[in-house]
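Novice: Next come a sequence and a model predicted from it.
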Amino acid sequence: MAKNSHQIVRMCISCRGRNIQNDMKRFQCIDGLLKTFDGNGRAFYLCDSCLNDDKKLLKALMRQCKSGDKEKLMNKLKEIITDDR
(Lines give C-alpha, C1' and ligand atoms only; values in the text may rest on other atoms or scores of the structure.)
Protein backbone atom coordinates (compact mmCIF):
# COMPACT_ATOMS: atom_id res chain seq x y z
CA MET A 1 0.00 0.00 0.00
CA ALA A 2 1.38 3.42 -1.00
CA LYS A 3 1.94 5.97 1.69
CA ASN A 4 0.09 9.25 1.17
CA SER A 5 2.48 12.17 1.30
CA HIS A 6 0.83 15.31 2.57
CA GLN A 7 2.03 18.56 0.99
CA ILE A 8 1.61 21.81 2.86
CA VAL A 9 -0.50 24.39 1.03
CA ARG A 10 -0.24 28.14 1.63
CA MET A 11 -2.12 31.17 0.30
CA CYS A 12 -0.61 34.08 -1.62
CA ILE A 13 -1.50 37.41 0.02
CA SER A 14 -1.83 39.10 -3.36
CA CYS A 15 -4.03 36.84 -5.49
CA ARG A 16 -5.34 34.62 -2.68
CA GLY A 17 -4.38 31.60 -4.77
CA ARG A 18 -3.33 28.44 -2.99
CA ASN A 19 -0.16 26.59 -3.87
CA ILE A 20 2.36 24.17 -2.41
CA GLN A 21 4.52 25.89 0.20
CA ASN A 22 7.81 25.08 -1.55
CA ASP A 23 6.63 26.81 -4.74
CA MET A 24 6.08 30.15 -2.99
CA LYS A 25 8.37 32.83 -1.57
CA ARG A 26 8.16 33.61 2.15
CA PHE A 27 8.57 37.15 3.52
CA GLN A 28 7.91 39.13 6.67
CA CYS A 29 7.45 42.77 7.64
CA ILE A 30 8.94 44.14 10.82
CA ASP A 31 8.19 47.77 11.66
CA GLY A 32 7.10 48.37 8.05
CA LEU A 33 10.32 46.93 6.60
CA LEU A 34 10.12 44.05 4.18
CA LYS A 35 12.60 41.19 4.46
CA THR A 36 12.89 37.46 3.88
CA PHE A 37 11.54 35.30 6.67
CA ASP A 38 14.19 34.66 9.33
CA GLY A 39 12.31 32.08 11.37
CA ASN A 40 10.86 34.45 13.98
CA GLY A 41 7.47 36.12 13.94
CA ARG A 42 4.71 36.11 11.36
CA ALA A 43 5.35 35.51 7.71
CA PHE A 44 3.38 35.75 4.47
CA TYR A 45 3.69 34.10 1.09
CA LEU A 46 3.77 35.38 -2.49
CA CYS A 47 3.44 33.23 -5.59
CA ASP A 48 5.74 33.63 -8.59
CA SER A 49 3.01 35.01 -10.85
CA CYS A 50 2.23 37.81 -8.38
CA LEU A 51 5.91 38.66 -8.02
CA ASN A 52 5.80 39.59 -11.72
CA ASP A 53 2.64 41.76 -11.43
CA ASP A 54 3.81 44.98 -9.74
CA LYS A 55 0.42 46.68 -9.51
CA LYS A 56 -1.36 43.85 -7.69
CA LEU A 57 1.70 43.06 -5.62
CA LEU A 58 2.21 46.61 -4.37
CA LYS A 59 -1.30 46.86 -2.95
CA ALA A 60 -0.90 43.58 -1.06
CA LEU A 61 2.53 44.56 0.30
CA MET A 62 1.27 47.94 1.50
CA ARG A 63 -1.62 46.24 3.28
CA GLN A 64 0.58 43.55 4.83
CA CYS A 65 3.41 45.84 5.95
CA LYS A 66 1.11 48.72 6.92
CA SER A 67 3.37 51.07 4.99
CA GLY A 68 2.60 53.87 2.57
CA ASP A 69 6.08 54.10 1.07
CA LYS A 70 5.52 52.38 -2.28
CA GLU A 71 8.97 52.91 -3.73
CA LYS A 72 10.77 51.66 -0.64
CA LEU A 73 8.70 48.45 -0.55
CA MET A 74 9.17 47.69 -4.24
CA ASN A 75 12.90 48.46 -4.18
CA LYS A 76 13.42 46.18 -1.17
CA LEU A 77 11.38 43.39 -2.79
CA LYS A 78 13.38 43.60 -6.01
CA GLU A 79 16.61 43.58 -3.99
CA ILE A 80 15.51 40.45 -2.09
CA ILE A 81 14.42 38.65 -5.27
CA THR A 82 17.66 39.37 -7.15
CA ASP A 83 19.74 38.24 -4.15
CA ASP A 84 17.86 34.90 -4.06
CA ARG A 85 18.58 34.08 -7.70
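Specialist: Arrived safely.

Novice: Give me the distance between residue 20 and residue 82.
Specialist: According to C-beta to C-beta, to the nearest Å, residue 20 stands 24 Å off from residue 82. Just so you know, the C-beta spots here come from the backbone N, C-alpha and C atoms, and that holds for glycine as well.

Novice: Tell me the gap between the strand ranked longest in the chain and the middle of its chain.
Specialist: For the chain, the strand that runs over the most residues, judged by DSSP state E, is strand 25-30. Strand 25-30 sits 6 Å away from the centroid of its parent chain (C-alpha atoms, centre = their mean, to the nearest Å).

Novice: per-residue confidence averaged over it?
Specialist: The predicted model gives strand 25-30 an average pLDDT of 92.

Novice: residues in contact with it?
Specialist: With C-beta atoms under 8 Å, 6 or more residues apart in numbering as the test, strand 25-30 has contacts from 34-38, 41-48, 51, 64-67, 77, 80-81, 84.

Novice: Let's see which of those end up in strands.
Specialist: In strands, judged by DSSP E, the following of these are found: 34-36, 44-46.

Novice: filter those residues to the buried ones?
Specialist: 34, 44-46 (16 or more other C-beta atoms under 10 Å).

Novice: Could you dump those into a markdown table and include distance to residue 6?
Specialist: Listed next are those as a markdown table, based on distance: C-beta to C-beta, whole Å:
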| residue | distance to residue 6 |
| --- | --- |
| 34 | 30 |
| 44 | 22 |
| 45 | 18 |
| 46 | 23 |
